[in-house]
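A.B. asks: Return a 3D structure for these sequence lines:
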Amino acid sequence: VSLARLVKAARTDPSRSAVSYKGVATVEAALIDAGLLDKRYGDGHFGTATVTAYARWQRSEAGGSYRGDAADGIPGRNSLVKLGLKAGFKVVD
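C.D. replies: Below you'll find the model as predicted:
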């Protein structure tokens, strides 16, 4: 999963007509498996529900126990690597 492309997708909240980056679906599947995102939102769009779920991941002990601005739902390298280790995907820049 490309961190740069994932962050761009998270910040643009794309329309539901096109998937902005296939890595979003990988991250959403990991969040669903972790019980942080409802399966119906696993649609390949890093929208509001995914941002909220990712913020939950960031605040969790497994995700790094981040607080405040560090748990804003926009993926950072460390929290994404932790999710990747748990879910079986590799993070690249």
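A.B. asks: Please make it C-alpha for all contacts and neighbour counts, starting now.
C.D. replies: Will do.
A.B. asks: ok, which stretches of the chain are strands?
C.D. replies: Using DSSP state E, the chain contains no strands.
A.B. asks: pLDDT weak spots in it?
C.D. replies: 13-19 (pLDDT under 70).
A.B. asks: So which residues of it form helices?
C.D. replies: Remark: helices assigned in the chain by DSSP state H are 3-12, 23-33, 48-59, 77-87.
A.B. asks: mind giving me CSV with those and columns for mean neighbour count?
C.D. replies: Shown next, in CSV, are these (neighbours: other CA atoms under 10 Å):
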stretch, mean neighbour count
helix 3-12, 18
helix 23-33, 21
helix 48-59, 22
helix 77-87, 18
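A.B. asks: Save the ones you listed as TSV, and put in distance to Tyr66 too.
C.D. replies: Shown next, in TSV, are the helices of the chain (distance: least, CA to CA, whole Å):
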stretch	distance to Tyr66
helix 3-12	17
helix 23-33	16
helix 48-59	5
helix 77-87	9
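A.B. asks: which one of the ones you listed lies closest to Gly42?
C.D. replies: Among the helices of the chain, the nearest to Gly42 by CA to CA is helix 23-33 (5.4 Å).
A.B. asks: Could you check the angle the closest one makes with helix 48-59?
C.D. replies: Here helix 23-33 points in a direction 60 degrees away from that of helix 48-59 (axes from the mean of the first three to the mean of the last three CA atoms, to 10 degrees).
A.B. asks: Run through who's touching helix 23-33.
C.D. replies: 1-2, 6, 9, 37-39, 41-46, 50, 53-54, 57, 83-84, 87, 89 (CA atoms under 8 Å, 6 or more residues apart in numbering).
A.B. asks: Tell me what angle that helix forms with helix 3-12.
C.D. replies: Relative orientation of helix 23-33 and helix 3-12, computed by the same axes, to 10 degrees: 80 degrees.
A.B. asks: List the buried residues of stretch 39-49.
C.D. replies: The neighbour-count check on stretch 39-49 (16 or more other CA atoms under 10 Å) flags 41-42, 44-47, 49 as buried.
A.B. asks: Actually, stretch 86-93.
C.D. replies: Buried residues in stretch 86-93, counting neighbours by 16+ other CA under 10 Å, are found at 87, 89, 91.
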